[in-house]
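>>> only geometry, no sequence info:
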Ligand SMILES: Nc1ncnc2c1ncn2[C@@H]1O[C@H](COP(=O)(O)OP(=O)(O)O)[C@@H](O)[C@H]1O
Ligand SMILES: Cc1ncc(COP(=O)(O)OP(=O)(O)O)c(N)n1
(Lines give C-alpha, C1' and ligand atoms only; values in the text may rest on other atoms or scores of the structure.)
(Ligands and ions follow the chains in the order given, each with its own letter.)
Protein backbone atom coordinates (compact mmCIF):
# COMPACT_ATOMS: atom_id res chain seq x y z
CA UNK A 1 0.00 0.00 0.00
CA UNK A 2 1.26 3.50 -0.84
CA UNK A 3 1.73 5.85 2.12
CA UNK A 4 1.05 9.59 2.47
CA UNK A 5 1.86 11.95 5.34
CA UNK A 6 -0.11 15.12 6.04
CA UNK A 7 1.62 17.89 8.01
CA UNK A 8 -1.24 20.22 8.95
CA UNK A 9 -3.59 21.57 11.60
CA UNK A 10 -6.49 19.71 13.22
CA UNK A 11 -10.03 20.99 12.51
CA UNK A 12 -12.33 19.99 15.38
CA UNK A 13 -15.34 20.06 13.02
CA UNK A 14 -13.70 17.45 10.78
CA UNK A 15 -14.16 19.26 7.45
CA UNK A 16 -10.70 20.70 6.79
CA UNK A 17 -7.12 20.14 7.98
CA UNK A 18 -5.83 16.77 9.15
CA UNK A 19 -9.32 15.28 9.29
CA UNK A 20 -10.15 16.15 5.66
CA UNK A 21 -6.73 14.91 4.59
CA UNK A 22 -7.04 11.49 6.24
CA UNK A 23 -10.60 11.00 4.92
CA UNK A 24 -9.40 11.88 1.41
CA UNK A 25 -6.47 9.48 1.69
CA UNK A 26 -8.63 6.53 2.75
CA UNK A 27 -10.93 7.23 -0.21
CA UNK A 28 -7.88 7.03 -2.47
CA UNK A 29 -6.73 3.68 -1.08
CA UNK A 30 -3.48 5.02 0.39
CA UNK A 31 -2.31 4.71 4.00
CA UNK A 32 -2.59 8.13 5.69
CA UNK A 33 -0.36 9.44 8.50
CA UNK A 34 -0.29 12.81 10.27
CA UNK A 35 2.05 15.28 11.97
CA UNK A 36 -0.04 17.95 13.69
CA UNK A 37 1.15 21.57 13.55
CA UNK A 38 -1.72 23.03 15.59
CA UNK A 39 -5.07 22.22 17.14
CA UNK A 40 -7.88 24.54 16.06
CA UNK A 41 -11.18 24.98 17.87
CA UNK A 42 -13.24 25.35 14.72
CA UNK A 43 -16.66 24.69 13.26
CA UNK A 44 -18.52 25.53 10.05
CA UNK A 45 -18.83 29.17 11.21
CA UNK A 46 -15.15 29.88 11.95
CA UNK A 47 -12.08 29.35 14.14
CA UNK A 48 -12.40 30.34 17.82
CA UNK A 49 -9.00 29.26 19.13
CA UNK A 50 -5.63 27.85 18.04
CA UNK A 51 -3.06 25.90 20.07
CA UNK A 52 0.24 25.47 18.18
CA UNK A 53 2.54 22.46 18.51
CA UNK A 54 6.01 23.42 19.71
CA UNK A 55 8.75 23.13 17.06
CA UNK A 56 10.33 20.34 19.16
CA UNK A 57 7.10 18.32 19.27
CA UNK A 58 6.51 18.76 15.53
CA UNK A 59 10.08 17.56 14.91
CA UNK A 60 9.45 14.53 17.15
CA UNK A 61 6.32 13.60 15.18
CA UNK A 62 8.21 13.88 11.87
CA UNK A 63 11.14 11.79 13.14
CA UNK A 64 8.70 9.14 14.41
CA UNK A 65 7.01 8.85 11.01
CA UNK A 66 10.06 9.12 8.75
CA UNK A 67 12.14 6.57 10.67
CA UNK A 68 9.40 3.94 10.56
CA UNK A 69 6.76 4.19 7.78
CA UNK A 70 8.47 6.31 5.12
CA UNK A 71 5.82 8.28 3.16
CA UNK A 72 5.64 8.05 -0.64
CA UNK A 73 4.30 11.62 -0.68
CA UNK A 74 3.80 14.48 1.78
CA UNK A 75 1.03 17.08 1.90
CA UNK A 76 1.61 20.29 3.88
CA UNK A 77 -1.34 22.42 5.01
CA UNK A 78 -1.77 24.94 7.85
CA UNK A 79 1.60 25.90 9.36
CA UNK A 80 1.04 29.09 11.29
CA UNK A 81 4.50 30.31 12.30
CA UNK A 82 8.05 30.65 10.98
CA UNK A 83 9.74 28.27 13.49
CA UNK A 84 7.34 25.45 12.51
CA UNK A 85 7.96 26.08 8.80
CA UNK A 86 11.71 25.86 9.40
CA UNK A 87 11.37 22.52 11.22
CA UNK A 88 9.36 21.08 8.32
CA UNK A 89 11.85 22.30 5.69
CA UNK A 90 14.79 20.90 7.69
CA UNK A 91 13.13 17.49 8.15
CA UNK A 92 12.01 17.20 4.51
CA UNK A 93 15.58 17.94 3.44
CA UNK A 94 17.04 15.55 6.03
CA UNK A 95 14.78 12.67 4.96
CA UNK A 96 14.98 13.58 1.27
CA UNK A 97 11.25 13.47 0.47
CA UNK A 98 10.67 13.44 -3.32
CA UNK A 99 6.95 14.33 -3.65
CA UNK A 100 5.70 17.34 -1.67
CA UNK A 101 2.36 19.12 -2.14
CA UNK A 102 2.30 22.50 -0.37
CA UNK A 103 -1.09 24.13 0.26
CA UNK A 104 -0.10 27.61 1.53
CA UNK A 105 -3.01 28.02 3.95
CA UNK A 106 -3.15 31.67 5.05
CA UNK A 107 -6.77 32.59 5.74
CA UNK A 108 -9.77 30.21 6.05
CA UNK A 109 -12.78 30.99 3.83
CA UNK A 110 -14.59 31.90 7.07
CA UNK A 111 -12.13 34.83 7.35
CA UNK A 112 -10.01 33.45 10.21
CA UNK A 113 -6.24 34.00 9.85
CA UNK A 114 -4.36 30.68 9.93
CA UNK A 115 -0.80 31.98 9.37
CA UNK A 116 1.09 34.75 11.18
CA UNK A 117 1.91 37.56 8.74
CA UNK A 118 5.66 37.36 9.37
CA UNK A 119 5.67 33.65 8.45
CA UNK A 120 4.98 34.29 4.75
CA UNK A 121 8.60 35.19 3.99
CA UNK A 122 9.85 31.97 5.65
CA UNK A 123 7.28 29.96 3.68
CA UNK A 124 8.58 31.51 0.45
CA UNK A 125 12.26 30.97 1.23
CA UNK A 126 12.12 27.55 2.91
CA UNK A 127 9.15 25.55 1.63
CA UNK A 128 8.35 26.75 -1.89
CA UNK A 129 11.69 25.65 -3.37
CA UNK A 130 11.13 22.06 -2.16
CA UNK A 131 7.51 21.84 -3.30
CA UNK A 132 6.67 19.49 -6.17
CA UNK A 133 3.54 21.58 -6.54
CA UNK A 134 2.15 24.58 -4.65
CA UNK A 135 -1.65 25.03 -4.54
CA UNK A 136 -2.60 28.64 -3.65
CA UNK A 137 -6.18 29.91 -3.94
CA UNK A 138 -6.64 33.34 -5.52
CA UNK A 139 -6.00 35.35 -2.32
CA UNK A 140 -2.91 33.27 -1.51
CA UNK A 141 -1.58 33.63 -5.09
CA UNK A 142 -2.03 37.40 -4.78
CA UNK A 143 -0.14 37.43 -1.47
CA UNK A 144 2.71 35.28 -2.82
CA UNK A 145 3.07 37.09 -6.18
CA UNK A 146 2.19 40.65 -5.19
CA UNK A 147 -0.13 40.72 -8.26
CA UNK A 148 -3.90 41.44 -8.33
CA UNK A 149 -6.03 38.63 -9.78
CA UNK A 150 -9.34 39.39 -11.52
CA UNK A 151 -9.21 37.39 -14.77
CA UNK A 152 -8.00 34.02 -16.03
CA UNK A 153 -4.96 35.79 -17.53
CA UNK A 154 -4.19 37.25 -14.08
CA UNK A 155 -4.25 33.71 -12.61
CA UNK A 156 -1.70 32.61 -15.22
CA UNK A 157 0.50 35.65 -14.56
CA UNK A 158 0.52 35.04 -10.80
CA UNK A 159 1.24 31.30 -11.22
CA UNK A 160 4.13 32.09 -13.61
CA UNK A 161 5.55 34.73 -11.29
CA UNK A 162 5.53 32.39 -8.27
CA UNK A 163 6.77 29.36 -10.26
CA UNK A 164 9.64 31.26 -11.91
CA UNK A 165 10.69 32.90 -8.64
CA UNK A 166 10.65 29.80 -6.42
CA UNK A 167 11.23 27.05 -9.03
CA UNK A 168 8.18 24.92 -8.29
CA UNK A 169 5.02 23.94 -10.16
CA UNK A 170 2.09 26.18 -9.18
CA UNK A 171 -1.62 25.32 -9.32
CA UNK A 172 -3.62 28.53 -8.90
CA UNK A 173 -7.12 27.46 -7.78
CA UNK A 174 -10.19 29.32 -9.01
CA UNK A 175 -12.67 28.12 -6.39
CA UNK A 176 -13.40 31.66 -5.21
CA UNK A 177 -14.43 32.89 -8.66
CA UNK A 178 -18.15 33.46 -9.26
CA UNK A 179 -18.43 32.10 -12.80
CA UNK A 180 -16.45 28.86 -12.92
CA UNK A 181 -14.11 26.68 -10.87
CA UNK A 182 -11.21 26.53 -13.30
CA UNK A 183 -7.70 25.99 -11.91
CA UNK A 184 -4.45 26.68 -13.80
CA UNK A 185 -1.14 24.82 -13.53
CA UNK A 186 2.19 26.42 -14.46
CA UNK A 187 4.82 23.70 -14.73
CA UNK A 188 8.14 23.55 -16.59
CA UNK A 189 7.30 26.69 -18.58
CA UNK A 190 3.90 25.39 -19.73
CA UNK A 191 0.35 26.42 -18.80
CA UNK A 192 -2.38 23.78 -18.35
CA UNK A 193 -6.01 24.56 -17.46
CA UNK A 194 -8.27 22.22 -15.46
CA UNK A 195 -11.78 23.33 -16.29
CA UNK A 196 -14.80 22.67 -14.11
CA UNK A 197 -18.33 24.01 -13.73
CA UNK A 198 -19.15 25.42 -10.31
CA UNK A 199 -21.17 22.98 -8.21
CA UNK A 200 -24.09 24.85 -6.67
CA UNK A 201 -23.33 23.87 -3.06
CA UNK A 202 -22.72 26.45 -0.31
CA UNK A 203 -21.05 23.75 1.81
CA UNK A 204 -17.45 24.00 0.63
CA UNK A 205 -15.44 23.93 3.87
CA UNK A 206 -12.12 22.19 3.31
CA UNK A 207 -12.04 22.15 -0.50
CA UNK A 208 -8.39 23.27 -0.61
CA UNK A 209 -7.20 20.66 1.91
CA UNK A 210 -9.14 17.96 0.11
CA UNK A 211 -7.74 18.84 -3.32
CA UNK A 212 -4.13 18.96 -2.05
CA UNK A 213 -4.45 15.61 -0.24
CA UNK A 214 -6.02 14.00 -3.29
CA UNK A 215 -3.14 15.28 -5.45
CA UNK A 216 -0.60 13.90 -2.94
CA UNK A 217 -2.41 10.53 -2.88
CA UNK A 218 -2.38 10.30 -6.68
CA UNK A 219 1.30 11.30 -6.88
CA UNK A 220 2.08 8.59 -4.30
CA UNK A 221 0.33 6.12 -6.61
CA UNK A 222 2.80 7.11 -9.38
CA UNK A 223 0.43 9.17 -11.53
CA UNK A 224 2.13 12.13 -13.24
CA UNK A 225 1.35 15.64 -12.03
CA UNK A 226 -1.33 16.52 -14.62
CA UNK A 227 -3.14 13.19 -14.18
CA UNK A 228 -2.90 13.53 -10.38
CA UNK A 229 -4.57 16.95 -10.52
CA UNK A 230 -7.25 15.78 -12.99
CA UNK A 231 -8.14 12.86 -10.74
CA UNK A 232 -8.05 15.04 -7.60
CA UNK A 233 -10.40 17.59 -9.15
CA UNK A 234 -12.83 14.86 -10.23
CA UNK A 235 -12.89 13.46 -6.66
CA UNK A 236 -13.39 16.94 -5.15
CA UNK A 237 -16.20 17.79 -7.57
CA UNK A 238 -18.00 14.52 -6.78
CA UNK A 239 -17.55 15.09 -3.02
CA UNK A 240 -19.17 18.54 -3.45
CA UNK A 241 -21.94 17.12 -5.68
CA UNK A 242 -22.80 14.52 -3.01
CA UNK A 243 -24.58 17.43 -1.29
CA UNK A 244 -23.86 16.79 2.39
CA UNK A 245 -25.46 19.52 4.52
CA UNK A 246 -24.13 19.71 8.10
CA UNK A 247 -23.66 22.64 10.51
CA UNK A 248 -24.87 26.22 10.58
CA UNK A 249 -22.28 27.71 8.20
CA UNK A 250 -20.25 26.47 5.23
CA UNK A 251 -20.38 22.74 5.92
CA UNK A 252 -17.98 19.91 5.05
CA UNK A 253 -17.81 17.78 1.89
CA UNK A 254 -18.88 14.13 1.80
CA UNK A 255 -15.37 12.65 1.60
CA UNK A 256 -16.69 9.09 1.78
CA UNK A 257 -19.30 9.35 -0.97
CA UNK A 258 -17.67 6.50 -2.87
CA UNK A 259 -17.02 4.12 0.02
CA UNK A 260 -19.58 1.35 0.12
CA UNK A 261 -18.33 -1.23 2.55
CA UNK A 262 -20.26 -3.96 4.29
CA UNK A 263 -19.93 -1.89 7.45
CA UNK A 264 -21.67 1.20 6.05
CA UNK A 265 -24.51 -1.00 4.70
CA UNK A 266 -24.88 -2.55 8.16
CA UNK A 267 -25.17 0.92 9.75
CA UNK A 268 -28.05 1.78 7.45
CA UNK A 269 -30.12 -1.27 8.40
CA UNK A 270 -32.98 -1.00 10.86
CA UNK A 271 -31.50 -2.89 13.81
CA UNK A 272 -34.61 -2.77 16.04
N1 LIG B 1 -18.42 25.48 -6.01
C2 LIG B 1 -17.43 24.77 -6.54
N3 LIG B 1 -17.66 23.93 -7.57
C4 LIG B 1 -16.66 23.20 -8.12
N5 LIG B 1 -15.39 23.24 -7.69
C6 LIG B 1 -15.09 24.08 -6.67
C7 LIG B 1 -16.08 24.88 -6.04
N8 LIG B 1 -15.49 25.60 -5.04
C9 LIG B 1 -14.18 25.25 -5.06
N10 LIG B 1 -13.93 24.37 -6.05
C11 LIG B 1 -12.65 23.74 -6.37
O12 LIG B 1 -12.09 23.34 -5.12
C13 LIG B 1 -10.67 23.38 -5.17
C14 LIG B 1 -10.16 24.23 -4.03
O15 LIG B 1 -10.24 25.58 -4.43
P16 LIG B 1 -10.50 26.83 -3.51
O17 LIG B 1 -11.85 26.73 -2.90
O18 LIG B 1 -10.21 28.00 -4.38
O19 LIG B 1 -9.38 26.63 -2.42
P20 LIG B 1 -9.32 26.97 -0.87
O21 LIG B 1 -10.23 26.00 -0.17
O22 LIG B 1 -7.87 26.77 -0.56
O23 LIG B 1 -9.79 28.38 -0.70
C24 LIG B 1 -10.33 23.90 -6.58
O25 LIG B 1 -10.11 22.81 -7.46
C26 LIG B 1 -11.60 24.67 -6.96
O27 LIG B 1 -11.71 24.85 -8.34
C1 LIG C 1 -6.91 23.29 10.40
C2 LIG C 1 -7.30 23.94 9.12
N3 LIG C 1 -6.49 23.85 8.06
C4 LIG C 1 -6.82 24.45 6.89
C5 LIG C 1 -8.00 25.18 6.79
C6 LIG C 1 -8.36 25.86 5.51
O7 LIG C 1 -8.99 24.94 4.73
P8 LIG C 1 -9.30 25.05 3.17
O9 LIG C 1 -9.30 23.71 2.60
O10 LIG C 1 -8.44 26.08 2.54
O11 LIG C 1 -10.76 25.44 3.17
P12 LIG C 1 -11.66 26.57 3.65
O13 LIG C 1 -12.56 25.89 4.59
O14 LIG C 1 -10.86 27.65 4.24
O15 LIG C 1 -12.31 26.90 2.35
C16 LIG C 1 -8.84 25.23 7.90
N17 LIG C 1 -10.02 25.89 7.85
N18 LIG C 1 -8.47 24.62 9.06
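Done, it's in. Since the model is a prediction, treat every value here as computed from it, not as a measurement. Ligands and ions are numbered 1, 2, ... in the order given.
>>> Got phi/psi on residue 101?
Torsion angles at residue 101 (phi, psi; degrees, to the nearest 10) stand at phi -100, psi 120.
>>> Quick check, residue 115 in contact with residue 108.
No - the pair residue 115 / residue 108 is not scored as a contact, 10.3 Å apart, by C-beta atoms under 8 Å. All C-beta atoms are positioned from the backbone trio N, CA, C, and that covers glycine.
>>> Pull the contacting residues for the residue in the stretch 51-200 of the chain that ligand 1 sits nearest to.
Closest residue of the stretch 51-200 of the chain to ligand 1, C-beta to the nearest ligand atom: residue 175 (2.5 Å). Residue 175 is in contact with 137, 181, 183, 204, 207-208, counting by C-beta atoms under 8 Å, 6 or more residues apart in numbering.
>>> filter the residues you listed down to the ones near ligand 1?
Applying C-beta under 6 Å from any ligand atom to the contacts of residue 175, one finds that 137, 181, 183, 204, 207-208 fall near ligand 1.
>>> The residue of the stretch 151-272 of the chain found nearest ligand 2 - how many residues pack around it?
In the stretch 151-272 of the chain, the residue that lies nearest ligand 2 is residue 208 (3.1 Å; C-beta to the nearest ligand atom). Using other C-beta atoms under 10 Å, the number of residues around residue 208 comes to 24.
>>> If we go by neighbour counts, what in the longest helix anywhere in the chain is buried?
In the chain, taking DSSP state H as the definition, the longest helix is helix 225-241. Residues 225, 228-233, 235-237, 239-240 are the ones in helix 225-241 that count as buried (16 or more other C-beta atoms under 10 Å).
>>> distance of the closest residue to residue 119 other than its chain neighbours from residue 4?
Excluding the flanking residues, the one nearest residue 119 by C-beta to C-beta, 6 or more residues apart in numbering is residue 82, at 4.6 Å. Distance of residue 82 to residue 4, computed by C-beta to C-beta, to the nearest Å: 25 Å.
>>> between the two, who's got more neighbours?
residue 4 (28 against 19).
>>> Check which helix or strand the more buried one maps to.
strand 3-11 (DSSP states H and E).
>>> by contact count, what packs against that strand?
Packed against strand 3-11, as judged by 3 or more C-beta pairs under 8 Å, 6 or more residues apart in numbering; DSSP states H and E, are the following elements: helix 17-27, strand 31-43, helix 55-66, strand 73-76, helix 207-220.
>>> got CSV for these, with distance to residue 264 too?
Listed next are those as CSV, based on distance: least, C-beta to C-beta, whole Å:
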stretch, distance to residue 264
helix 17-27, 12
strand 31-43, 19
helix 55-66, 29
strand 73-76, 25
helix 207-220, 20
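>>> Tell me which residue is most central in this protein.
Centroid-nearest residue in the chain, with C-alpha atoms, centre = their mean: residue 209, separated by 3.0 Å.
>>> now the closest residue to that residue other than its chain neighbours: how far from residue 186?
Nearest-residue entry for residue 209: residue 20, 4.3 Å, with adjacent residues in sequence omitted and distances by C-beta to C-beta, 6+ apart. Residue 20 sits 25 Å away from residue 186 when distances are taken as C-beta to C-beta.
>>> again, but for residue 109
For residue 109 relative to residue 186 (C-beta to C-beta), the value is 24 Å.
>>> With residue 110 instead?
For residue 110 relative to residue 186 (C-beta to C-beta), the value is 28 Å.
>>> Looking at those two, which one has more neighbours?
Neighbours were counted for residue 110 and for residue 186 using other C-beta under 10 Å; residue 186 has more, 25 against 16.
>>> Isn't that one up against residue 155?
No - here residue 186 does not reach residue 155: they are 9.4 Å apart, not a contact under C-beta under 8 Å.
>>> intersection of neighbour lists for the two?
residue 172.
>>> lowest-confidence helix or strand of the protein?
Lowest by mean pLDDT, DSSP states H and E among the helices and strands of the chain is helix 262-268, with a mean of 69.
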